[in-house]
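Undergrad: A structural model of the following input is requested.
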Amino acid sequence: MKNLVLILLAMLSLISCDDDFATGSESQPVASADTLHMGTILAGNSSPTYQLKLYNPNGKELKLSSIVLRNAPVSGFRMNVDGMNGSSFTNSDLLRIASGDSLFVFVEATFLPEGKGIQHHLDYVDVSCNGKTTTVVLDAVSKEVRKLQGYVVTANEVWDMASEIQVFDSLVIAQGAVLTLSDSTTLYLHDKANIVVYGALKAQGTIDRPVTIRGDRTDNMFDNLPYDNLPSQWGSLYLKRQSHGNSFEYANIRGMSDGIWIESQADFANCRIKNSDGNLVTAVDAQTRFENCELSNAAGSVLDIIGGESEVVHCTLANYNFASAITQEALRLSNRDTLRNAAIPLKRCEFVNTIIWGRKFCPDIRLDYHRPEQGDSIFSYRFDHCLIHADGTDDEQFVSTLWNIDPGFLLIDDKNYAYDFHLTDESAAKGAGSEETTTRHRLDIDGKLRQSPPTIGCYE
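TA: Model prediction:
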């Protein structure tokens with residue numbers, strides 16, 4: 001009799017336990033995505049961690065039978081369930097989801113180089129519950145790149161067209177050596193990696209096949225914000241005093257921690273340079289020329305010129321930095337290097353047909369003249385047919401200026417971190433440039449024929 005009572009109690013306990021769970025075949029978890037898109041991953045690199053959520057919409061607790069990564073041994077994907085690594089989970093205590101609650105599955109991937117260029121990778125997470133299986137597809141692409149660690153260029157090198165190279169630690173070009181980046185070459189700089197030039201760096205892109213220098217993260221911070229559109233993805237580009245012959249034609253350079261530092265000479269034509277957590281471009285006692293360039297978005301100045309000689313023609317300097325507070329005017333001209341406490345004459349600095357505009361400062365130009373203890377230091381500058389975010393009047397240094405008139409950029413979308421510095425048809429900059437530049441600069445940065453008189457800025 002006693003044994004019969006125990007058996008009945010056990011059966012009632014089992015029935016009671018079953019009543020606590022949703023057991024019908026229609027009771028299933030809902031996955032946060034049918035397909036988990038993991039983007040492009042550089043071969044040999046671990047991907048970021050992606051999250052898959054299994055939600056229980058049922059009125060009772062769900063007990064999953066299993067979660068299995070179908071091709072784990074060979075696919076290159078990895079899985080973690082509730083803090084535990086593995087490829088197959090059947091523990092009933094782990095796989096319980098309370099009503100209205102979720103279970104998190106984390107997925108990563110590493111794809112080894114196989115000499116096949118770009119490859120498409122798939123695997124599947126199978127979630128079994130109450131006799132049915134829900135499958136989530138894992139989808140990624142791997143791209144093979146050449147990897148360099150602390151590489152030093154000691155003799156002239158030409159990196160072939162369409163080369164893709166990942167740089168760790170640093171890329172150094174020794175004095176006397178020239179590194180030429182052929183069109184459509186892409187350099188992926190790892191976190192804190194620098195390019196240091198003592199010799200010469202030449203980027204020879206074309207309008208359809210630009211050279212690109214960027215960070216090596218290929219995923220997104222948010223759905224609408226790729227890491228490639230953020231600053232501080234790599235270190236800086238340093239053109240040291242010993243270097244000479246530096247030239248950049250159709251180059252896209254972005255995502256730096258402290259921008260481009262020029263201590264010697266550099267020519268930039270048809271370049272797009274953007275997103276720095278310090279100054280975007282700093283030129284110290286240098287000889288620089290910028291033609292048809294867009295310089296945009298920095299926590300410091302977009303262009304900081306300290307002494308030397310510079311010419312800026314048909315450029316757009318725009319600062320709508322969103323990643324951190326803007327701390328300086330878009331443009332600063334100075335005749336003193338405060339880091340070295342040294343006076344540096346600003347011998348010649350000319351801006352022609354150029355837009356200088358930002359969201360924070362008005363005026364967005366700082367003329368930072370320092371008088372030496374004895375005599376005067378050269379501080380020579382001139383703005384000709386420029387649109388400037390400042391109130392002012394023309395004089396010998398400012399000729400035919402559009403003062404404090406919004407340039408009418410095509411898109412300023414802070415919510416989606418999207419900026420397009422082309423100009424609307426109603427822009428005051430349209431047809432307001434000096435005609436003297438049209439012979440030498442017939443085409444804008446997009447290859448569009450300039451009108452006469454031309455539009456101010458890099459976009460016609």
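
Undergrad: since we're on residue 22, how many residues are nearby?
TA: Here the count is done by other CB atoms under 10 Å, and residue 22 has 19 residues near it. C-beta coordinates here come from the backbone N, C-alpha and C atoms, glycine included.

Undergrad: got the contact list for it?
TA: Contacts for residue 22 were tallied using CB atoms under 8 Å, 6 or more residues apart in numbering; they are 56, 58, 59, 60, 61, 62, 99, 130.

Undergrad: Quick check on those residues: which are buried?
TA: Burial by neighbour count, judged by 16 or more other CB atoms under 10 Å, picks out 56, 58, 61, 62, 130 from these.

Undergrad: Low-confidence stretches in the stretch 301-450 of the chain?
TA: Low-confidence segments of the stretch 301-450 of the chain (pLDDT under 70): 374-375.

Undergrad: Burial check on residue 93, number of neighbours?
TA: So residue 93, with other CB under 10 Å, has 6 neighbours.

Undergrad: Would you report the backbone torsion angles of it?
TA: Dihedral angles of residue 93 (phi, psi; degrees, to the nearest 10) stand at phi -70, psi -30.

Undergrad: mind checking how far it is from residue 55?
TA: If you measure residue 93 against residue 55 using CB to CB, to the nearest Å, the figure is 19 Å.

Undergrad: likewise residue 111?
TA: Distance check for residue 111 against residue 55: by CB to CB, it reads 30 Å.

Undergrad: Neighbour count: the two, which is higher?
TA: The neighbour comparison of residue 111 against residue 55 (other CB under 10 Å) goes to residue 111, with 22 against 15.

Undergrad: pLDDT at the more buried one, what is it?
TA: Residue 111 is assigned a predicted lDDT (pLDDT) of 96.

Undergrad: For it, list the residues it contacts.
TA: For residue 111, the contacting residues are 41, 43, 44, 76, 119, 121, 140, 142, taking CB under 8 Å, 6+ apart as the criterion.

Undergrad: now residue 443
TA: By CB under 8 Å, 6+ apart, the contact list for residue 443 reads 292, 449, 450.

Undergrad: Most neighbours out of these, which is it?
TA: In terms of neighbour count, residue 292 stands highest of the contacts of residue 443 at 24 neighbours, by other CB under 10 Å.

Undergrad: contacting residues around that one?
TA: Residue 292 makes contact with 269, 270, 313, 314, 315, 441, 443, 444, 445, 458, according to CB under 8 Å, 6+ apart.

Undergrad: could you redo the last one with a cut-off of 6 Å?
TA: The neighbours of residue 292, taking CB atoms under 6 Å, 6 or more residues apart in numbering as the test, are 269, 270, 314, 445, 458.

Undergrad: one step back: inside strands: which ones of the contacts of residue 22?
TA: Taking DSSP state E as the definition of strands, the contacts of residue 22 contribute residue 62.

Undergrad: Check whether residue 365 really touches residue 332, as I assumed.
TA: No. With contact defined as CB atoms under 6 Å, residue 365 and residue 332 do not form a contacting pair (7.7 Å).
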